[in-house]
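Participant: No sequence on hand, only this structure:
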């Protein structure tokens, strides 16, 4: 019976660790979503109707996303 309790205790410990990882990932997702919304408004102040300004805006977003992943 003692062995069974030990196994249960170990499993609860592992679940607790996984819960912490999930909570940290949720926080990171929230931060990335907020940053993504901010980047949508961060496009260069060019004429939005031209194809080059749209490409430039996408390029800025992609560079920011790449730099974020390198920092993590």
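Facilitator: That came in fine, so what should we check first? Just so we're clear, the structure is a prediction, and the values are computed from it rather than from any experiment. Numbering: from 1, shown residues only.

Participant: Least confident secondary structure element in the chain?
Facilitator: Lowest mean confidence among the helices and strands of the chain (mean pLDDT, DSSP states H and E): helix 51-71, at a mean of 73.

Participant: Give the burial count for residue 37, as a bare number.
Facilitator: 10 (other Cβ atoms under 10 Å). Backbone N, C-alpha and C define where each C-beta goes, glycine included.

Participant: And residue 18, by the same measure?
Facilitator: Neighbour tally, residue 18, other Cβ under 10 Å: 10.

Participant: what about it, distance to residue 12?
Facilitator: Using Cβ to Cβ, to the nearest Å, residue 18 is found at 11 Å from residue 12.

Participant: quick one: common contacting residues for those two?
Facilitator: By Cβ atoms under 8 Å, 6 or more residues apart in numbering, residue 18 and residue 12 have no common neighbours.

Participant: For this structure, give me the ranges with low pLDDT.
Facilitator: Scanning the chain with the threshold set as pLDDT under 70 gives 1, 40-52, 68-72.

Participant: most centrally placed residue in this protein?
Facilitator: With distances taken as Cα atoms, centre = their mean, residue 29 lies nearest the centre of the chain, 3.7 Å away.

Participant: Mind giving me the packing neighbours of the host helix or strand of residue 34?
Facilitator: Counting by DSSP states H and E, the element that carries residue 34 is helix 2-40. In terms of contacts (3 or more Cβ pairs under 8 Å, 6 or more residues apart in numbering; DSSP states H and E), helix 2-40 is packed against helix 51-71.
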